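Student: When you get a sec, could you give me coordinates for this:
(one chain, ligands or ions: 1)
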Amino acid sequence: MSTTSSKILVTGASGNLGGLVLHHLTETYHYPKDQIIAASRNPESLSQWADLGIETRKADFSDPESLESAFKGVDRVLLISTDSPVNDVRTVLHHNAVEALKSAGVPYIIYTSMPEPETSPVSFSNVHLTTENEVKASGAYWTILRNAWYFENLLFTLPGALASGSLYSAAGEGKISYISRSDLARAAAAALLSTNIENKTLTITGEEALSVGTVASQVSSLVGKPISVVHVPAEAIVEGALAHGLPPVVAEMFASFDRATQSGHLGGVTDEYEQLTWVKPQSFESWLNDNGSLFSESA
Ligand SMILES: NC(=O)c1ccc[n+]([C@@H]2O[C@H](COP(=O)([O-])OP(=O)(O)OC[C@H]3O[C@@H](n4cnc5c(N)ncnc54)[C@H](OP(=O)(O)O)[C@@H]3O)[C@@H](O)[C@H]2O)c1
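Tutor: Alright, predicted model coming up:
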């Protein structure tokens with residue numbers, strides 16, 4: 001990795017990914033703390049970083065006025081995608097952020113996207129595609145990080161499956177090229193410090209893609225409880241989620257993940273993580289060894 005010395009800002013710094021990016025900037029890459037700015041809707045939640053000498057700023061994409069000062073004097077920004085389940089809301093939040101980055105004249109924008117947003121059936125793929133295009137048209141240098149699915153997403157579904165013994169899936173034999181959230185944060189930190197990835201789109205994945213059957217059998221062996229995968233149509237995933245009280249938009253989102261998995265849109269494997277960081281991503285087996293207690297506790 002070739003590096004630069006610039007003032008860099010991480011949005012969404014109080015989120016899980018944002019915090020891990022700051023961790024990798026400071027602990028893995030030893031980037032000078034006085035060159036880092038942590039930005040959040042709630043800067044008071046960033047005191048652990050302020051205590052280390054990192055500047056904190058308020059940046060709320062729903063409040064364009066707060067963004068004017070947030071992005072001033074910054075060379076590189078990691079724009080972490082937001083988490084609103086409502087696509088139109090999320091698209092506007094990202095639009096506000098890109099407009100403010102343009103007004104502030106930030107020369108380099110890095111955006112966290114998702115795999116294959118042009119064609120993916122994932123319900124929010126259009127949010128990422130729209131933001132990618134706005135970032136590319138901003139006039140700044142850019143890098144798009146198309147982040148694969150986190151191992152950590154399995155914590156939403158596997159505990160329930162361990163408790164009931166059944167995992168309902170519409171993904172068929174489709175696979176997901178999972179990677180740990182921490183590795184994605186390390187890739188984002190590396191991207192912030194790199195000088196040779198301008199105007200590139202990188203898809204950051206684990207080293208292998210896993211089917212729901214493989215995931216279930218590995219977690220089942222670890223915890224010592226059986227999980228049988230029950231293959232159902234995507235409509236049954238929606239119905240099941242609604243029956244558990246999830247809002248329709250979230251039920252549709254979960255079903256769309258299975259559709260995208262089944263059709264191969266989440267299974268592509270690249271070596272771009274290693275090219276960016278010079279290390280290999282953590283395997284599922286190793287991640288399970290480190291995090292298996294999270295599943296055992298729920299069994
Ligand atoms: N690849 C995957 O598997 C996967 C899984 C889950 C999510 N994601 C995406 O990756 C992002 C980061 O993941 P995560 O694990 O860190 O999620 P998280 O812990 O739920 O964090 C949500 C993030 O959204 C930010 N945010 C929400 N509303 C905002 C606003 N109005 N203005 C500015 N920032 C706002 C939060 O920033 P502050 O709270 O600091 O303001 C925080 O960084 C998510 O927001 C989502 O877009 C990807």
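Student: tell me the contacts of the closest residue to His95 other than its chain neighbours?
Tutor: Leaving aside its sequence neighbours, His95 sits nearest to Glu134 (C-beta to C-beta, 6 or more residues apart in numbering; 6.2 Å). No exception for glycine: its C-beta is placed from N, CA and C like everyone else's. Glu134 makes contact with 94-95, 98, according to C-beta atoms under 8 Å, 6 or more residues apart in numbering.
Student: pretty sure Glu134 belongs to a helix, no?
Tutor: Yes - the assignment for Glu134 by DSSP: H, G, I helix; E, B strand; the rest coil puts it in a helix.
Student: Just the strands from this structure, written as ranges.
Tutor: Here the chain has its strands, by DSSP state E, at 8-10, 36-40, 55-58, 76-79, 108-113, 141-147, 166-169, 175-176, 200-204, 210-211, 228-231.
Student: Including mean neighbour count, could the ones you listed go into CSV?
Tutor: Output for these, formatted as CSV (neighbours: other C-beta atoms under 10 Å):
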stretch, mean neighbour count
strand 8-10, 26
strand 36-40, 25
strand 55-58, 18
strand 76-79, 26
strand 108-113, 24
strand 141-147, 22
strand 166-169, 20
strand 175-176, 24
strand 200-204, 19
strand 210-211, 18
strand 228-231, 15
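Student: Rebuild those as JSON lines, extending it with mean pLDDT and distance to Leu25.
Tutor: Putting the strands of the chain into JSON lines (pLDDT from 0 to 100; distance: least, C-beta to C-beta, whole Å) gives the following:
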{"stretch": "strand 8-10", "mean pLDDT": "98", "distance to Leu25": "7"}
{"stretch": "strand 36-40", "mean pLDDT": "98", "distance to Leu25": "6"}
{"stretch": "strand 55-58", "mean pLDDT": "98", "distance to Leu25": "13"}
{"stretch": "strand 76-79", "mean pLDDT": "98", "distance to Leu25": "9"}
{"stretch": "strand 108-113", "mean pLDDT": "98", "distance to Leu25": "12"}
{"stretch": "strand 141-147", "mean pLDDT": "99", "distance to Leu25": "15"}
{"stretch": "strand 166-169", "mean pLDDT": "96", "distance to Leu25": "37"}
{"stretch": "strand 175-176", "mean pLDDT": "98", "distance to Leu25": "28"}
{"stretch": "strand 200-204", "mean pLDDT": "98", "distance to Leu25": "17"}
{"stretch": "strand 210-211", "mean pLDDT": "98", "distance to Leu25": "29"}
{"stretch": "strand 228-231", "mean pLDDT": "97", "distance to Leu25": "39"}
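Student: Select, out of those, the one closest to the ligand.
Tutor: Within the strands of the chain, the stretch nearest the ligand is strand 36-40; the backing value is 3.2 Å (C-beta to the nearest ligand atom).
Student: List only those of the contacts of Glu134 flagged as buried.
Tutor: 94, 98 (16 or more other C-beta atoms under 10 Å).
Student: with the contacts of Glu134 in mind, which one is nearest to Gly12?
Tutor: His94 (11.4 Å; C-beta to C-beta).
Student: how deep is the closest residue to that closest one other than its chain neighbours tucked in, by neighbour count?
Tutor: Nearest non-adjacent residue to His94, counting by C-beta to C-beta, 6+ apart: Thr131, 4.1 Å away. Neighbour count of Thr131, defined by other C-beta atoms under 10 Å: 25.
Student: ok, and what's touching stretch 90-103?
Tutor: Contacts of stretch 90-103 (C-beta under 8 Å, 6+ apart): 11, 59, 61-62, 64, 67-68, 70-71, 77, 79, 81-84, 109, 124, 126-127, 130-131, 134-135, 138-140.
Student: Pull the contacting residues for Gly268.
Tutor: Counting by C-beta under 8 Å, 6+ apart, Gly268 makes contact with 115-116, 177, 203, 205, 209.
Student: again with Ala190
Tutor: Here Ala190 is in contact with 1, 24, 29, 276-277 (criterion: C-beta under 8 Å, 6+ apart).
Student: Ranking by neighbours, what's the top pick from the contacts of Gly268?
Tutor: Neighbour max across the contacts of Gly268 (other C-beta under 10 Å) = Thr205, 27 neighbours.
Student: Quick check, that residue in contact with Pro115.
Tutor: Yes - if you go by C-beta atoms under 8 Å, Thr205 and Pro115 touch, sitting 7.5 Å apart.
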